[in-house]
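Q: Sequence plus predicted model, see below.
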Amino acid sequence: MATTRVVVHVGPVKTGTTALGSYFSTAHVTGILPQNVVYPVGDLWFPASGEITKHPQLADFLYPEGRQNSGRKTAIQTPDSVAEKVRQIAAHVAKLPGSIGTAVFICEMPEDRPHLDRLLDLLISTFDEVVLVLAVRSPVEASQSLLVHRIKEWRSDQVDFDLLGMLTTNEGLLSFDYRRLISRLHNVAIKELVLMPYFEEESDGYAVVDRFMKVVTGDTATRLDGDFGSRRIHPSLPLSSLKRLVGLKKLKSQLRRIPFLESIIHSLFRRILNADRDKVMRAGFNTRSTDSGDWVVSPEQRARILSLYGNLGDVIRQELGKQAAQAEWRAWFKATGF
């Protein structure tokens, strides 16, 4: 039987998890994943909400008393059902060819989830080796991307461009604070934590996939047929488009008691969103700039946001050790201002 290994991408949000889920879901269906790698989809996992499978149900295991519906598109699962699926996958991995079989999960977990130790205990007791991958993105661009995502969500009440407000959670904690994330993951006694840099405006959609695949297999990803590497999965929108969406959401809040008018506004919202998103996706990977009508954070605002994170750069360097001197990480520190 093969040694069982599990690699879990734990986010945080807005660090390429949907692109990874898209690649691995398609690679599983087309059969191009290495024979000793399993990405749980279909019967091996719970039903997905679309063609892209990620594994948010792992977070359901963190709630011993069960979890209330959080507005997620997939059904909430009981801790026992999640544990049973994980054990079935480990048994499946043990039968794979070769000396080591690897299961891959994509789940955004660590920032505000309770009882993270529960999940680590499950993984450690089920697999021979456990690897957590934490993608490190500039908090400035991460918060900007999250804010844009919320503006594009009809159900969200996001109707402003307040990045500083975005960075403060309901509990008063700072979002995208890798100091807290790294400390929390070490507190649950994880033996192997891998930090992975996330770069803005990369022209190759495979860049984030290749970095993660090197953790999984030691090699880059096999390419899919089609245009995966040249298109954005969650594109941003021009500032003018975002302002139109915000205006419609404000109008919605004023007309909640008139259902048919709210329905008309929702239809217009979807038309604008889909039309502008299609334009951006057709354009592919272009550098965002004020000249092209995009929302670009000012140097003053960037400096103010970075000041909230104090010694974050030093914490990341300490965690990386000798890796911090590698060219890729030196480029990341220079690009982010840390």
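A: Here it is on my side, so go on.
Q: Kindly report the domain assignment for the protein.
A: 3-137+176-225, 140-172+234-307 (automatic domain parsing).
Q: quick one, which of the ones you listed is nearest to residue 329?
A: Proximity to residue 329, assessed across the domains of the chain by Cβ to Cβ, is greatest for domain 3-137+176-225 (6.1 Å). For glycine as for every other residue, the C-beta is placed from the backbone atoms N, C-alpha and C.
Q: per-residue confidence averaged over the closest one?
A: Averaging pLDDT along domain 3-137+176-225 gives 91.
Q: ok, now stretch 308-315?
A: The model assigns stretch 308-315 a mean pLDDT of 95.
Q: Show residues contacting it.
A: Applying Cβ atoms under 8 Å, 6 or more residues apart in numbering, the external contacts of stretch 308-315 come out as 139, 164, 167, 174, 177, 178, 179, 182, 333, 338.
Q: again, only this time at 10 Å
A: For stretch 308-315, contacts defined as Cβ atoms under 10 Å, 6 or more residues apart in numbering pick out 136, 138-140, 164, 167-168, 174-183, 306, 317-318, 324, 333, 336-338.
Q: quick one: contacts for residue 83?
A: Residue 83 makes contacts with 61, 77, 118, 119, 122, 125, 126, as judged by Cβ under 10 Å, 6+ apart.
Q: change it to 7 Å
A: By Cβ atoms under 7 Å, 6 or more residues apart in numbering, residue 83 lies in contact with 61, 122.
Q: Is it located within a helix, as I assumed?
A: Yes - judged by DSSP: H, G, I helix; E, B strand; the rest coil, residue 83 forms part of a helix.
Q: Quick one: the strands in the stretch 51-200 of the chain, in order.
A: Remark: strands assigned in the stretch 51-200 of the chain by DSSP state E, counting those that start in this stretch are 100-106, 129-136, 192-197.
Q: just to revisit the earlier point, which among the contacts of stretch 308-315 end up buried?
A: Among those, those buried by neighbour count (16 or more other Cβ atoms under 10 Å) are 136, 138-140, 167, 174-182, 306, 317, 324, 336, 338.
Q: So which residues of the stretch 201-338 of the chain form helices?
A: Ranges of helices in the stretch 201-338 of the chain, per DSSP state H, counting those that start in this stretch, are 207-217, 239-254, 259-283, 299-307, 312-320, 327-336.
Q: Redo those helices as JSON lines? Include distance to residue 195.
A: Below are these laid out as JSON lines (distance: least, Cβ to Cβ, whole Å):
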{"stretch": "helix 207-217", "distance to residue 195": "10"}
{"stretch": "helix 239-254", "distance to residue 195": "31"}
{"stretch": "helix 259-283", "distance to residue 195": "30"}
{"stretch": "helix 299-307", "distance to residue 195": "18"}
{"stretch": "helix 312-320", "distance to residue 195": "6"}
{"stretch": "helix 327-336", "distance to residue 195": "9"}
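Q: Of those helices, which stretch is the most buried?
A: helix 207-217 (a mean of 20; mean count of other Cβ atoms under 10 Å).
Q: and that helix with strand 129-136, angle?
A: Counting by axes from the mean of the first three to the mean of the last three Cα atoms, to 10 degrees, helix 207-217 points 160 degrees away from the direction of strand 129-136.
Q: Would you mind listing the outside residues contacting helix 207-217?
A: 7, 9, 16, 19-20, 23, 34, 37, 102, 104, 131, 133, 194, 196, 198-199, 219-221.
Q: Just the buried residues of stretch 66-84, please?
A: So stretch 66-84, judged by 16+ other Cβ under 10 Å, has buried residues 67, 74, 76, 77, 79, 82, 83.
Q: which one of the strands of the stretch 51-200 of the chain has the most crowded surroundings?
A: Mean neighbours per residue, mean count of other Cβ under 10 Å, is largest over the strands of the stretch 51-200 of the chain for strand 100-106, with a mean of 24.
Q: angle of that strand against helix 207-217?
A: Orientation of strand 100-106 against helix 207-217 (the same axes, to 10 degrees) gives an angle of 150 degrees.
Q: Which neighbouring elements make contact with strand 100-106?
A: Under the contact criterion of 3 or more Cβ pairs under 7 Å, 6 or more residues apart in numbering; DSSP states H and E, strand 100-106 touches strand 3-9, helix 17-30, strand 37-38, helix 79-94.
Q: Output those in a markdown table; the columns should cover distance to residue 268.
A: A markdown table is the format used below for the helices and strands packed on strand 100-106 (distance: least, Cβ to Cβ, whole Å):
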| stretch | distance to residue 268 |
| --- | --- |
| strand 3-9 | 36 |
| helix 17-30 | 26 |
| strand 37-38 | 44 |
| helix 79-94 | 40 |
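Q: Of all these, which one is nearest residue 270?
A: For the helices and strands packed on strand 100-106, proximity to residue 270 was assessed by Cβ to Cβ; helix 17-30 is nearest, at 19.6 Å.
Q: contact partners of that closest one?
A: With Cβ under 7 Å, 6+ apart, helix 17-30 has contacts from 9, 11, 33, 39, 41, 51-54, 104, 106, 108, 205, 208-209, 212, 221-222, 224, 228, 233-234.
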